[in-house]
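# okay, sequence plus prediction incoming.
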Amino acid sequence: LGSSDYVSFAPFDGTCGASPSSADVAGGSPQQVSDALTVTLVAADVPQGGQWKMCYCTDDFARSGQRCGDGGEADFGALAGVLSVMGPSPTSQDTTCVGGYAC
């Protein structure tokens with residue numbers, strides 16, 4: 001990964017380079033890798049629990065005059081890792097649970 005790379009989040013059962021970005025993470029927008037080689041997400045970027053594949057696009061596109069994503073999902077064909085978020089999913093759950101007691 002480099003600071004000109006971008007990461008897209010595909011559904012866990014999807015395929016990097018083929019599956020569209022999940023709207024459940026950062027609204028489906030690819031995220032740029034920082035100079036520290038990290039991608040930062042805040043709670044609003046991931047409003048529910050789940051797992052997503054982290055697919056990346058290298059800065060090779062920038063050197064060739066293209067931008068990551070210009071070629072669609074095919075630009076994000078490499079798997080960088082998996083994002084796992086603990087929390088309710090879907091967010092429409094209506095059960096209240098209290099620690100130490102069965103729900």
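Sure, I can see it.
# now do the SS call for the spatially most central residue of the chain.
Nearest to the geometric centre of the chain sits residue 9, at 2.6 Å (Cα atoms, centre = their mean). Here residue 9 is strand, with the state taken from DSSP: H, G, I helix; E, B strand; the rest coil.
# so it is in contact with residue 50, correct?
No - using Cβ atoms under 8 Å, residue 9 makes no contact with residue 50, being 9.8 Å away. (Each C-beta comes from the backbone N, C-alpha and C, glycine too.)
# now the common contact residues for these two.
Here residue 9 and residue 50 have residue 24 as joint contacts, going by Cβ atoms under 8 Å, 6 or more residues apart in numbering.
# about what we covered before: who is the residue nearest to the centre of the chain paired with across the strands?
Following DSSP bridges, residue 9 is listed with bridge partners residue 54.
# which ones are touching it?
Residues near residue 9 by Cβ under 8 Å, 6+ apart: 21, 22, 24, 25, 26, 52, 53, 54, 55, 83.
# any idea how far it lies from residue 102?
Distance, residue 9 to residue 102, using Cβ to Cβ, to the nearest Å: 34 Å.
# ok, now residue 34?
Taking Cβ to Cβ, one finds residue 34 at 43 Å from residue 102.
# repeat for residue 57
Taking Cβ to Cβ, one finds residue 57 at 46 Å from residue 102.
# the more surrounded of those two?
Neighbour count, other Cβ atoms under 10 Å: between residue 57 and residue 102, residue 57 has more, with 29 against 5.
# tell me where the protein has strands.
Assigned by DSSP state E, the strands in the chain fall at 6-11, 31-32, 50-57, 78-85.
# from the chain's centre, how far out does the shortest one sit?
So that's strand 31-32. Relative to its chain's centre, strand 31-32 lies at 9 Å (Cα atoms, centre = their mean, to the nearest Å).
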